[in-house]
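**Student:** Please find the sequence and the predicted model below.
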Amino acid sequence: MYNKIIAIFFVAFFSVFISCIGQAGEKKIVLAADEWCPYNCSPEDTARPGYMVEIAQAVFKKAGYQVEYKVMPFQRALHDVLKGSVDGAIAVDSETAREAREMYLRTSGKMASFAPSD
């Protein structure tokens, strides 16, 4: 269980930190995923968006960033991270994290094999 949590954080925050390099003037980070309560729920429920979203909001708030959370199909979220239209994906399982990391390393940042599911 602990390894799964570490993997989830690794992919989500690795994506965000890489995309934030060179964007010091911007103060908003966009994270995306499908709804998978209790990890990430509906963004309309601002009081309880899911504990992964709440952790991201707390961490980035301390650094002066606002987190915008978008709901979309998960494969689209991964695709949009790779395109750079969102900064990170939330609640990535350990197998997906490993595959994404390996593909990222193999393609020097161009992970084109993830495609939107719809």
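**Tutor:** Good, I have the coordinates.

**Student:** residues near Arg101, how many?
**Tutor:** Neighbourhood size, Arg101 [other Cβ atoms under 10 Å]: 15. Yep, even glycine has a C-beta here, placed from its N, CA and C like the rest.

**Student:** same question but for Val81, I mixed them up
**Tutor:** Neighbours around Val81, by other Cβ under 10 Å: 27.

**Student:** where's it, which helix or strand?
**Tutor:** Using DSSP states H and E, Val81 falls within helix 74-83.

**Student:** give me phi/psi at Gly88?
**Tutor:** phi -170, psi 160 (degrees, to the nearest 10).

**Student:** Please report the distance of it from Tyr69.
**Tutor:** As judged by Cβ to Cβ, to the nearest Å, Gly88 and Tyr69 stand 10 Å apart.

**Student:** Are there residues contacting both of those two? Which ones?
**Tutor:** 30-32, 56 (Cβ atoms under 8 Å, 6 or more residues apart in numbering).

**Student:** If you rank these by neighbours, which is first?
**Tutor:** Greatest neighbour count in those, by other Cβ under 10 Å, goes to Leu31: 27 neighbours.
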